[in-house]
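A.B. asks: Here is a sequence together with a model predicted from it:
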Amino acid sequence: MSPLLFSVSGLRGIVGEDITPEIVIKYSRAFAMANGGVKYIVGQDTRPHSTMLKYSVIASLLASGKSVIDIGVVPTPTLLFFVREKHADGGIMITASHNPIEWNALKFVKKGGVFTTGKDIERIKDCLDGYLSIRWNEIKTVHQNIQAVKDHIDRILAHPFINVDEIRRKRFKVACDCVNGAAYRAIPELLRRLNCEVIELNCEPSGIFPHNPEPRKENLKELDKILQDGQADIGFATDPDGDRLVIGLKSTGILSEEYTVPLASYYVLKKKKGPIVVNLSTSMLIEKIASMFKVKVHRTPVGEANVVEKMVQIGALIGGEGNGGVIFSEINPTRDSLTGIALVLSLAAEENLEEIYSILPEYSLKKERLEFTGNLPLEKIKKEFKGAHYDERDGIYIRFRRKWIHIRKSNTEPILRIYAEAPEPKEVEELIQKAREIILPN
């Protein structure tokens with residue numbers, strides 16, 4: 001049995017082993033107790049077991065004296081938007097995002113449409129053994145609402161930065177791969193409302209992933225071929241819960257997920273300058289964008305809640321995570337593939353995307369994972385990586401002038417993640433190999 005994982009990224013595990021209706025009821029009740037309030041929004045992705053878990057969540061919330069709005073299958077950013085839009089006290093999204101199909105998770109959302117923080121998680125843990133007892137005549141109601149996606153798209157298109165008229169005039173031909181996940185309806189609907197001709201790939205609500213659900217170039221062969229063959233002007237791909245976005249260009253094909261936040265940031269900073277917030281594992285490409293507009297980059301520990309918290313603190317409009325998670329605070333202060341698409345299409349309508357891509361530096365960035373359950377030997381690592389800047393807020397981030405390595409435990413799986421970036425692949429391999437030798441000396 002794999003361990004049940006509970007962190008700022010939610011409660012995760014394998015369904016039938018770690019994630020069961022009983023566990024879901026227990027943690028949903030604890031969240032309801034710790035979070036308070038009455039009005040809750042519940043949504044799900046398309047996984048075959050998400051509906052079962054959703055009903056467990058709803059039952060637990062009702063038994064805790066909460067009223068529930070069930071918005072059905074929606075992207076995660078749509079649920080967060082709706083919590084804020086409806087002035088709800090909280091929300092729960094049932095999705096395991098990019099994890100394999102046997103996994104599922106609960107993502108807990110607070111008032112204002114933001115994820116729980118580390119402090120919130122500790123409060124939830126304190127309530128796990130508690131129980132709210134209500135009388136039969138105190139049980140509240142469940143309502144269905146199928147307007148959440150439409151309302152989310154309305155909000156995106158209403159923002160003055162989104163150049164709706166010019167996008168519609170261009171009539172882009174757009175291919176999109178929604179991996180049969182939660183954005184299967186939302187992304188094609190957004191594109192059609194922008195007068196795009198849409199080529200749909202894997203846009204069925206089956207929850208059966210046709211390829212590895214991580215939205216990365218090596219997993220998007222069909223979309224890549226369509227673009228390289230010149231059949232579409234631009235391509236987009238997302239993960240099973242619709243918060244991450246990967247871009248593809250005509251003839252060039254699929255770009256690294258690390259280009260999504262820089263390209264979206266370029267467009268936003270054209271409209272209004274301000275600081276950028278990203279996590280420690282995000283590519284140095286973002287520094288290039290920042291230097292073009294003479295603004296500052298702030299880095300946080302990995303985890304959307306950490307990025308959003310910093311954005312709110314310093315008043316940043318744009319930020320995100322290097323895995324393709326665009327956060328534009330004026331529309332939806334969360335990673336949002338729909339907002340990302342609207343920003344990138346606005347940029348494509350006003351400038352040549354290929355030209356912007358061509359002026360960005362080429363870095364080699366590698367992401368590795370090791371099965372690991374021990375403690376990181378931080379002092380030993382610092383001793384071996386001399387002459388660098390060290391940041392220990394999230395594992396250890398080691399930064400040299402033109403390269404870096406970040407070693408951290410995953411919030412979502414029982415593994416160690418190692419990220420490294422440098423101008424040349426050889427330098428990246430040397431960084432990773434050195435880290436391996438320190439962490440796994442045998």
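C.D. replies: Cool, the structure landed. The structure presented is a predicted model; accordingly, all values stated were derived computationally and were not measured.
A.B. asks: care to break the protein down by domain?
C.D. replies: Domains of the chain are assigned by automatic domain parsing as 5-146, 151-359, 364-439.
A.B. asks: Next, format those as JSON lines and append mean pLDDT and mean neighbour count.
C.D. replies: Heads up, the C-betas are built off the backbone N, CA and C, glycines and all. Listed next are these as JSON lines, based on pLDDT from 0 to 100; neighbours: other CB atoms under 10 Å:
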{"stretch": "domain 5-146", "mean pLDDT": "95", "mean neighbour count": "20"}
{"stretch": "domain 151-359", "mean pLDDT": "97", "mean neighbour count": "21"}
{"stretch": "domain 364-439", "mean pLDDT": "92", "mean neighbour count": "16"}
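A.B. asks: Just the helices from the stretch 1-150 of the chain, written as ranges.
C.D. replies: 21-35, 50-63, 76-85, 118-126, 148-158 (DSSP state H, counting those that start in this stretch).
A.B. asks: The first one to helix 118-126, inter-axis angle?
C.D. replies: Compare the direction of helix 21-35 with that of helix 118-126 by axes from the mean of the first three to the mean of the last three CA atoms, to 10 degrees and you get 120 degrees.
A.B. asks: Would you mind pulling up the elements that helix 21-35 packs against?
C.D. replies: strand 10-14, helix 50-63, strand 90-94, strand 103-110, helix 118-126 (3 or more CB pairs under 8 Å, 6 or more residues apart in numbering; DSSP states H and E).
A.B. asks: May I have that helix exported as PDB, CA atoms only?
C.D. replies: Coordinates of each C-alpha in helix 21-35 appear next as PDB, following Å, rounded to 0.1, in the frame of the first residue of the first chain:
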ATOM      1  CA  PRO A  21     -15.300   6.600   1.000                       C
ATOM      2  CA  GLU A  22     -14.600   6.400   4.800                       C
ATOM      3  CA  ILE A  23     -11.300   8.300   4.500                       C
ATOM      4  CA  VAL A  24     -13.000  10.900   2.200                       C
ATOM      5  CA  ILE A  25     -15.800  11.400   4.700                       C
ATOM      6  CA  LYS A  26     -13.300  11.800   7.600                       C
ATOM      7  CA  TYR A  27     -11.200  14.400   5.900                       C
ATOM      8  CA  SER A  28     -14.100  16.300   4.400                       C
ATOM      9  CA  ARG A  29     -15.700  16.600   7.800                       C
ATOM     10  CA  ALA A  30     -12.400  17.700   9.400                       C
ATOM     11  CA  PHE A  31     -12.100  20.400   6.600                       C
ATOM     12  CA  ALA A  32     -15.600  21.600   7.300                       C
ATOM     13  CA  MET A  33     -14.900  21.900  11.000                       C
ATOM     14  CA  ALA A  34     -11.600  23.700  10.600                       C
ATOM     15  CA  ASN A  35     -12.800  26.000   7.800                       C
END
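A.B. asks: and the angle from that helix to helix 50-63?
C.D. replies: Using the same axes, to 10 degrees, helix 21-35 lies at 50 degrees relative to helix 50-63.
A.B. asks: One more: the shortest one?
C.D. replies: With the same axes, to 10 degrees as the criterion, the two stretches helix 118-126 and helix 50-63 enclose an angle of 80 degrees.
A.B. asks: got the residue ranges for the strands in the stretch 151-300 of the chain?
C.D. replies: Ranges of strands in the stretch 151-300 of the chain, per DSSP state E, counting those that start in this stretch, are 173-177, 197-201, 234-238, 245-249, 253-254, 276-279, 297-300.
A.B. asks: Can you list the strands that the second one pairs with?
C.D. replies: Right, the one you point to is strand 197-201. Sheet pairing of strand 197-201 (DSSP bridges) gives strand 173-177 (parallel).
A.B. asks: Secondary structure element for I405, which one?
C.D. replies: strand 404-409 (DSSP states H and E).
A.B. asks: Tell me which other helices or strands that strand touches.
C.D. replies: Applying 3+ CB pairs under 8 Å, 6+ apart, one finds that strand 404-409 contacts strand 396-399, strand 415-422, helix 425-439.
A.B. asks: Could you dump these into JSON lines with distance to Q313 added?
C.D. replies: JSON lines is the format used below for the helices and strands packed on strand 404-409 (distance: least, CB to CB, whole Å):
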{"stretch": "strand 396-399", "distance to Q313": "20"}
{"stretch": "strand 415-422", "distance to Q313": "24"}
{"stretch": "helix 425-439", "distance to Q313": "31"}
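A.B. asks: what's the closest of those to N306?
C.D. replies: strand 396-399 (13.0 Å; CB to CB).
A.B. asks: starting at the chain centroid, how far to the closest one?
C.D. replies: Taking CA atoms, centre = their mean, to the nearest Å, one finds the center of strand 396-399 at 22 Å from the center of the full chain.
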